[in-house]
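1. mind looking at a prediction? Sequence and model below.
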Amino acid sequence: MNPSRLLVAALLVLPLAVLFTASPGGASADGRVSPGGRVTHADPGAAVLAEPDPADSWVWPLAPPHPVLRSFQAPVTRYSPGHRGLDLEARPGLEVVAPADGVVSFAGVVVDRPVLSVEHADGLVSSVEPVSAVVAVGDRVFAGQPVGQVADGGHCAGRCLHFGARLHGGYVTPLLYLVGVPRAVLLPPPPSAAAAHGDGHGDGHGDGHGDGHAEPTAPGVRRAGARCGSSV
């Protein structure tokens, strides 16, 4: 065979050999993650439910049932109105437990209600109120350990336990960390699907559905009509 033809054939085969050697895992046709850990595309509009890492999961501060009377509403700014936590239906005297391992960082009265805060790993802090604490600042607590009882007062007038969370000082919904609450991760469609639906549905689905899907829904959550305050 002509030596020049052999050289051309070798140059064509070499990149393919390098490609297969550098990619131990492959992606399946349906867009799943391959054993090699490569990022692949999912079906257009698919929602992936990602379960939390058990090591980072919180437990509810109240024994079930614990219906959510009011959900988290993020404030626009640090000082804007909002609802900085979950209101769980409760009555005075119910036992309150620590949602996760940590150290008690605050146990005292804020304005007119007793508050208990626990500092956890990774910059997370949980707070519950109103709570008559049976632990003190500096005590180490563990997930599920009793830390107090629901007290009288609070912005729900003795009807709820306010359960809040902060990440590096910013308020977040505790639903992000509670065990058993699935996480919905919306994957963007590929460019072809986006182009197919761009002009026909651009304005009709903008503001109308923004707030309705901003927060995961916990099992047993019900939204009551009564409002329990706007600045907690």
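-> Right, received. Where do you want to start?
2. tell me the pLDDT at His162?
-> His162 is assigned a predicted lDDT (pLDDT) of 95.
3. compute the number of surrounding residues for it.
-> Residue neighbour count, defined by other CB atoms under 10 Å, stands at 26 for His162. No exception for glycine: its C-beta is placed from N, CA and C like everyone else's.
4. and the spatially closest residue to Phe142 that is not a sequence neighbour, how many neighbours?
-> Closest residue to Phe142 apart from its sequence neighbours, by CB to CB, 6 or more residues apart in numbering: Asp101 at 5.2 Å. Neighbourhood size, Asp101 [other CB under 10 Å]: 16.
5. phi first, then psi, for Asp101.
-> The phi/psi pair for Asp101 (degrees, to the nearest 10) reads phi -60, psi 150.
6. again with the one 3 residues further on
-> Backbone dihedrals for Val104, given as degrees, to the nearest 10, come out at phi -60, psi 120.
7. that one: neighbouring residues, count only.
-> 19.
8. what pLDDT is listed against the nearest residue in space to it that is not next to it in sequence?
-> Residue nearest to Val104 in three dimensions, not counting chain neighbours: Asp139, with 4.7 Å by CB to CB, 6+ apart. Looking at Asp139, its pLDDT reads 98.
9. swap in the one 10 residues further on?
-> If you check Gln149, the pLDDT there is 97.
10. that one: neighbouring residues, count only.
-> Neighbours around Gln149, by other CB under 10 Å: 16.
11. how about Ser80?
-> Neighbour tally, Ser80, other CB under 10 Å: 10.
12. next: Val111.
-> 5.
13. what of the one 10 residues further on?
-> For Ala121, the count of nearby residues is 10 (other CB under 10 Å).
14. and it, how far from Gly108?
-> 23 Å (CB to CB, to the nearest Å).
15. who does Val141 bridge with?
-> Gly102 (DSSP bridges).
16. next up, the contacts around Arg140.
-> Residues in contact with Arg140, defined by CB atoms under 8 Å, 6 or more residues apart in numbering, are Asp101, Gly102, Val103, Val104.
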